[in-house]
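K.L.:
Sequence plus predicted model, see below.
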Amino acid sequence: MEVIVSGKLVQLLILSWLGALALAEPQCGRLDENLLYTTNEDTIPSENPWIGLLLEDEGNSFKKMECNVVIINELHVLTTATCVKGFRNRSGDTGAVALLGVWNEEHSPDEELVCNDNGFCVPGPEAYKVVDIKVHPQRDRDTGDNDLAVLRLAKPIEWTFWIQPICMEGSSEPETLTNRNLHYSGFNGGGYNRGKGLAMTVSTRKCKQLTSSTVFFPANQMCGYPVTRTKFYPGAPLMDIDVRKEKPHSFYLVAILVRNVDTDATTQVYQNVRRARSWIKENTK
């Protein structure tokens, strides 16, 4: 779906065509099965379109917070409570901005069209002001448990092929998330493009070993053992696949990344979202 541009003169025509791709009702968790079976560590622009970046509005510019956000519905995104602790207000002029439709964090919302060296072009990212921040009421500052925050946007998201929500549930889900090879995606410190990878979830006992938490580990958190050592920003979604009629149908959210731990290898610590779904639904109506 990306567009090849041979010269500047056709950019206006391309923008008109891209505008026509606006969607009235998007499919949540949209996936392309062909993209599941590659070794690529970068996504393409249309892949995982529910992932954005958290920024701080400094008036004349935006400051990168090095945090991912995940689109839940047309007015809300999800991130970690830790990511929003520095914002001046919880409602009104929060100073927080969700940058959506972004696949390279160097791209600016001032750009109508962004292209790579091969002439592939997509619409530039869109900035949405955050007018309300709700932190999980059971967030534990000592243990880090329930590290979740729902952000309400100032205006509804305009759905396009590159900006869509993730599914919050699967039609049939496993009872446990232990010992599952799950997908994760988001921006990271390894490059400018939105990345992706696979992580094997481990038992709580193994999680304690990997994070050196020999006495206590938060009840609603879990560990992923990633294939690569790239450290992703907090807020990156951990996703399972809803399979229908023997075919991968869509991604759904099971957890979001809260921190990376380095021991012998990189371990990802995730906040289990499945146990917070009722709170998320209540605050995203």
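P.N.:
Yep, that arrived. Computed from a predicted structure; not experimentally measured.
K.L.:
Assess the claim that Gly124 and Cys115 are in contact.
P.N.:
No. Contact criterion Cβ atoms under 8 Å: Gly124 and Cys115 do not qualify, at 10.2 Å. For glycine as for every other residue, the C-beta is placed from the backbone atoms N, C-alpha and C.
K.L.:
Look up how far Tyr252 lies from Arg180.
P.N.:
From Arg180 across to Tyr252, the span is 13 Å (Cβ to Cβ, to the nearest Å).
K.L.:
same check, this time on Asn272
P.N.:
Asn272 sits at a distance of 13 Å from Tyr252 (criterion: Cβ to Cβ).
K.L.:
ok, the helix or strand Gly52 falls within: who's next to it in the sheet?
P.N.:
Secondary structure assignment for Gly52, by DSSP states H and E: strand 51-57. Paired neighbours of strand 51-57 in the sheet (DSSP bridges): strand 62-73 (antiparallel), strand 96-100 (antiparallel).
K.L.:
Need those strands in JSON lines (columns: mean pLDDT and mean neighbour count).
P.N.:
Converted to JSON lines, the strands paired with strand 51-57 look like this (pLDDT from 0 to 100; neighbours: other Cβ atoms under 10 Å):
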{"stretch": "strand 62-73", "mean pLDDT": "96", "mean neighbour count": "21"}
{"stretch": "strand 96-100", "mean pLDDT": "98", "mean neighbour count": "25"}
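K.L.:
who touches the strand holding Gly52?
P.N.:
62-65, 67-71, 77, 79, 83-84, 86-87, 95-102, 105, 125, 127, 129, 185-187, 194, 235-237 (Cβ atoms under 8 Å, 6 or more residues apart in numbering).
K.L.:
Secondary structure element for the residue nearest to Lys206 when sequence neighbours are not counted, which one?
P.N.:
Distance criterion Cβ to Cβ, 6 or more residues apart in numbering; nearest residue to Lys206, sequence neighbours excluded, is Cys223 at 7.0 Å. Using DSSP H and E, Cys223 sits within strand 221-226.
K.L.:
show me where the protein has helices.
P.N.:
Shown for the chain, the helices assigned by DSSP state H span residues 11-19, 81-84, 204-211, 277-282.
K.L.:
What are the buried residues along the third one?
P.N.:
Spelled out, it's helix 204-211. Residues 207-211 are the ones in helix 204-211 that count as buried (16 or more other Cβ atoms under 10 Å).
K.L.:
Alpha carbons of that helix, in CSV - could you do that?
P.N.:
Output in CSV follows, covering the C-alpha atoms of helix 204-211 (Å, rounded to 0.1, in the frame of the first residue of the first chain):
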residue,chain,number,x,y,z
THR,A,204,7.1,-16.0,37.6
ARG,A,205,9.9,-18.0,39.1
LYS,A,206,12.1,-17.5,36.1
CYS,A,207,11.1,-13.9,35.9
LYS,A,208,12.4,-13.3,39.4
GLN,A,209,15.7,-14.9,38.4
LEU,A,210,16.0,-12.8,35.3
THR,A,211,15.3,-9.6,37.1
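K.L.:
How far off centre is that helix?
P.N.:
Chain-centre distance of helix 204-211: 25 Å, with Cα atoms, centre = their mean, to the nearest Å.
K.L.:
and what of the last one?
P.N.:
For helix 277-282, the distance from its own C-alpha centre to the chain's C-alpha centre is 18 Å (Cα atoms, centre = their mean).
K.L.:
try stretch 246-264
P.N.:
Per Cα atoms, centre = their mean, the centroid offset for stretch 246-264 relative to its chain is 10 Å.
K.L.:
domain ranges for the protein?
P.N.:
Domains of the chain are assigned by automatic domain parsing as 3-21+49-153, 181-275.
K.L.:
ok, back up a step: was I right about the residue nearest to Lys206 contacting Cys207?
P.N.:
Yes. Counting by Cβ under 8 Å, Cys223 does reach Cys207; the two are 3.7 Å apart.
K.L.:
returning to that earlier point: and of the buried residues of helix 204-211, the nearest to Asn40?
P.N.:
Nearest to Asn40 among the buried residues of helix 204-211, counting by Cβ to Cβ, is Leu210 at 26.2 Å.
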